[in-house]
Structures are given as C-alpha cells and as structure tokens.
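In: below: sequence and its predicted model.
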Amino acid sequence: MNAEVDVAAPAAKVQAPTRVLHCRDDRTCPLKEGRRTAAAIPNARFAELEGADHALLADTPAFEQFFREVAPFVQRHAAG
C-alpha cells in the first residue's frame with residue numbers, strides 16, 4: 001500500500017527547512033527514494049547515512065552520523 005502513495009504534490013508545497021536522511025543500503029526503502037523525496041521538497045538537503053537499517057539503531061554507524069547531521073541543522077533553524 002505505501003508503494004502507491006504519491007506525495008510529490010504536497011512535498012512541493014513544503015516551506016519549512018528540510019533535511020532528508022537515508023541509509024545507503026536501507027533494506028526497506030531504496031536510497032533513490034530518499035533522494036527523490038529530498039528533490040521533491042524545495043530547498044531540502046539530503047544526507048546519505050552509513051548502514052542498511054530502515055530504523056535508526058543506537059549501535060550502528062548511522063546513529064552518530066545522524067546526530068552530526070541534525071544538530072547543526074536544528075541549531076541553524078531553531079526558533080528564537
């Protein structure tokens with residue numbers, strides 16, 4: 001069912017700063033779909049994470065990489 005969901009139209013309307021992160025060898029959803037999602041959102045930035053997991057797990061390289069990518073993004077775009 002999820003494979004048939006098309007979010008291209010609403011994604012094009014996103015105005016919030018957006019960071020898309022996706023594991024390189026994700027076993028559930030191919031990397032190209034993460035890239036496609038980022039490309040559909042205006043001004044979104046894409047980051048490829050190491051690993052093959054779809055969910056972020058604490059004992060994987062992607063876990064630390066996620067925080068290295070997200071922390072500066074949040075600091076840059078935090079309200080206030």
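Out: On my side now, so go ahead. Keep in mind it's a predicted model, so treat the numbers as computed, not measured.
In: low pLDDT regions in the chain?
Out: Flagging of the chain using pLDDT under 70 yields the residue ranges 1-3, 80.
In: residue 53 contacts residue 29, doesn't it?
Out: No - taking contacts as Cβ atoms under 8 Å, residue 53 lies outside contact range of residue 29: 11.0 Å. In this view, the C-beta of every residue, glycine as well, is placed from N, C-alpha and C.
In: so how far is the longest helix along the chain off the chain centroid?
Out: In the chain, ranked by residue count with DSSP state H as the criterion, the top helix is helix 61-77. Distance of helix 61-77 from the chain centroid (Cα atoms, centre = their mean, to the nearest Å) equals 11 Å.
In: ok so residue 20 is a strand residue?
Out: Yes - residue state for residue 20 (DSSP: H, G, I helix; E, B strand; the rest coil) corresponds to a strand.
In: next up, the contacts around it.
Out: By Cβ atoms under 8 Å, 6 or more residues apart in numbering, the residues touching residue 20 are 34, 37-38, 41, 44-47.
In: and the residue nearest to it when sequence neighbours are not counted, how many residues sit next to it?
Out: Distance criterion Cβ to Cβ, 6 or more residues apart in numbering; nearest residue to residue 20, sequence neighbours excluded, is residue 38 at 3.9 Å. Counted with other Cβ atoms under 10 Å, residues neighbouring residue 38 total 19.
In: you'd agree residue 38 is up against residue 44?
Out: Yes - contact criterion Cβ under 8 Å: residue 38 and residue 44 qualify, at 4.4 Å.
In: which neighbours do those two share?
Out: Joint contacts of residue 38 and residue 44 (Cβ under 8 Å, 6+ apart) are 18, 20.
In: how near is the nearest residue to residue 22 once chain neighbours are set aside to residue 49?
Out: Leaving aside its chain neighbours, residue 22 sits nearest to residue 34 (2.8 Å; criterion: Cβ to Cβ, 6+ apart). Using Cβ to Cβ, to the nearest Å, we find residue 34 at a distance of 9 Å from residue 49.
In: do the same with residue 66
Out: Distance of residue 66 to residue 49, computed by Cβ to Cβ: 6 Å.
In: more neighbours, those two?
Out: Between residue 66 and residue 49, counting by other Cβ under 10 Å, residue 49 is the more crowded of the two (23 against 18).
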